[in-house]
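Chemist: below is the structure, and that's it, no one-letter string:
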C-alpha cells in the first residue's frame, strides 16, 4: 500500500518545529501535521511570510494549533538568540524537522563565513539541533528529522573548502552540504545510542518536487518540473517524523531513481555511513561553532 498522510495517527499533544515552513515542502509538512491535531511551530527567516503561511493553514484547518518562530539559519548568533528564548520559555518540543535549505545561490558566505549552502543547510541546523536537544530529551517522542537529497550521492566532505577556499562550483558545494546533513543525522544517532538516550535521529529526501528551491538559480524552471508536487514531496518527511522507523533510517520516494513515489527506505551512499568521516565532521562543527550537544 502506498503510504499517504491520511495514515498518520492523531498527533494531539505533540509539538513539531519545522524550519523553512513558510513555503514548499516545509509548508506542506506543517499543513498535514496540523490536520492531525499537532501543535506546529513554523520557523523561518521572514516574519511576514510566516504570518502569511500560518493564516493560510488556519484557513484550511480552523482548529490548527500554530505558532511562528523567526530563525535565521544563516547566522549562528541568530539561532542562539532563538533557542535561548525557546529553552527559557519552558515550552515542550517533540520533533524537530530540519527542512530549510538553499540550492545553487550565487557564490557567497553565511554570516559566519561558511559557503552559503554549507552554512545554512548544515551548520545552521547543527547549531539549532544541539541547542534544542535538551528540550527534545524531555519528550517521550523526541525525534530529529534532517532533510538530505539525492545529491548526497555525489557529495564529498572537503575540509579545505567549507568557506569557499576553492573556486565556487554550485553542484559540488550543494552536494557537500547535503551529504553533510546525512552524515550528521547518522552521527547524531550513533552518539545518542552511545549515551543511552531515547531521541531518534533520522533522515529523508523528497525526490524531485516542484518547489521554490530553484528560485536563486533558474526560477523559470520551477514550472517545468513534471514530477511530484510539493505536497507529495513532503510525504517522506511526514513518514520519517511520525511513523515507527528503524535506527539510521533514510526515507525517500520509492519510484524509479527515487525521483517520485511514496515513502520507502532510500539508497544511502556508503560514504555517508562512514563513521570516521562522521566523527571528523562533528569535531569540525563543534570547533567552528563553539556549540556542543548535551547527551
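Modeler: The structure has been received and is ready for your questions. All values reported here derive from a predicted model rather than from experimental measurement.
Chemist: how about the strands in the stretch 151-295 of the chain?
Modeler: 200-204, 209-210, 228-229, 250-253, 263-265 (DSSP state E, counting those that start in this stretch).
Chemist: for the closest residue in space to residue 159 that isn't next to it in sequence, give me the pLDDT.
Modeler: Computed as C-beta to C-beta, 6 or more residues apart in numbering, the closest residue to residue 159 that is not its neighbour in sequence is residue 284, at 6.5 Å. Using the backbone N, CA and C atoms, a C-beta is placed for each residue, glycine as well. We note a pLDDT of 98 for residue 284 in this prediction.
Chemist: what's the burial count for residue 284?
Modeler: Residues lying near residue 284 (other C-beta atoms under 10 Å) number 16.
Chemist: ditto for the one 5 residues further on
Modeler: Other residues within reach of residue 289 by the criterion other C-beta under 10 Å amount to 18.
Chemist: can you pull the contacts of it?
Modeler: Neighbouring residues of residue 289 by C-beta atoms under 8 Å, 6 or more residues apart in numbering: 76, 112, 123, 126, 127.
Chemist: mind picking the two most distant members of those residues?
Modeler: Maximum pairwise distance among the contacts of residue 289 (C-beta to C-beta): 11.7 Å, between 112 and 126.
Chemist: show the contacting residues for the spatially most central residue of the chain.
Modeler: Residue closest to the average C-alpha location in the chain (C-alpha atoms, centre = their mean): residue 98, at 2.2 Å. For residue 98, the contact set (C-beta under 8 Å, 6+ apart) comprises 19, 125, 128, 129, 144, 145, 146, 147, 181.
Chemist: was I right to think the third one contacts residue 69?
Modeler: No. The pair residue 128 and residue 69 does not pass the contact test of C-beta atoms under 8 Å, sitting 10.4 Å apart.
Chemist: mutual contacts of these two, please.
Modeler: By C-beta under 8 Å, 6+ apart, residue 128 and residue 69 have these common neighbours: residue 82.
Chemist: and the two? Which one has more around it.
Modeler: Between residue 128 and residue 69, residue 128 has the larger neighbour count (other C-beta under 10 Å), namely 26 against 18.
Chemist: tell me which element the nearest residue to the more buried one once chain neighbours are set aside is part of?
Modeler: Using C-beta to C-beta, 6+ apart and skipping the chain neighbours, the partner closest in space to residue 128 is residue 79 (5.2 Å). Residue 79 is part of helix 76-89, with elements assigned from DSSP states H and E.
Chemist: which helices and strands does that helix pack with?
Modeler: Counting contacts by 3 or more C-beta pairs under 8 Å, 6 or more residues apart in numbering; DSSP states H and E, helix 76-89 is packed against strand 65-70, helix 125-136.
Chemist: go again with 6 Å.
Modeler: Other helices and strands packing on helix 76-89, by 3 or more C-beta pairs under 6 Å, 6 or more residues apart in numbering; DSSP states H and E, are helix 125-136.
Chemist: strand 200-204 and the next helix or strand after the helix it packs on, what's the angle between them?
Modeler: Later in the chain than helix 125-136, the nearest helix or strand by DSSP H and E is strand 143-147. Using axes from the mean of the first three to the mean of the last three C-alpha atoms, to 10 degrees, the direction of strand 143-147 lies 20 degrees away from that of strand 200-204.
Chemist: so what touches strand 143-147?
Modeler: 95-99, 129, 181, 185, 200-203, 240-241 (C-beta atoms under 6 Å, 6 or more residues apart in numbering).
Chemist: can I get these in JSON lines with pLDDT and distance to residue 227?
Modeler: Shown next, in JSON lines, are these (pLDDT from 0 to 100; distance: C-beta to C-beta, whole Å):
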{"residue": "95", "pLDDT": "98", "distance to residue 227": "26"}
{"residue": "96", "pLDDT": "98", "distance to residue 227": "27"}
{"residue": "97", "pLDDT": "98", "distance to residue 227": "22"}
{"residue": "98", "pLDDT": "98", "distance to residue 227": "23"}
{"residue": "99", "pLDDT": "98", "distance to residue 227": "18"}
{"residue": "129", "pLDDT": "98", "distance to residue 227": "29"}
{"residue": "181", "pLDDT": "98", "distance to residue 227": "21"}
{"residue": "185", "pLDDT": "98", "distance to residue 227": "24"}
{"residue": "200", "pLDDT": "98", "distance to residue 227": "29"}
{"residue": "201", "pLDDT": "98", "distance to residue 227": "28"}
{"residue": "202", "pLDDT": "98", "distance to residue 227": "23"}
{"residue": "203", "pLDDT": "98", "distance to residue 227": "20"}
{"residue": "240", "pLDDT": "98", "distance to residue 227": "19"}
{"residue": "241", "pLDDT": "98", "distance to residue 227": "22"}
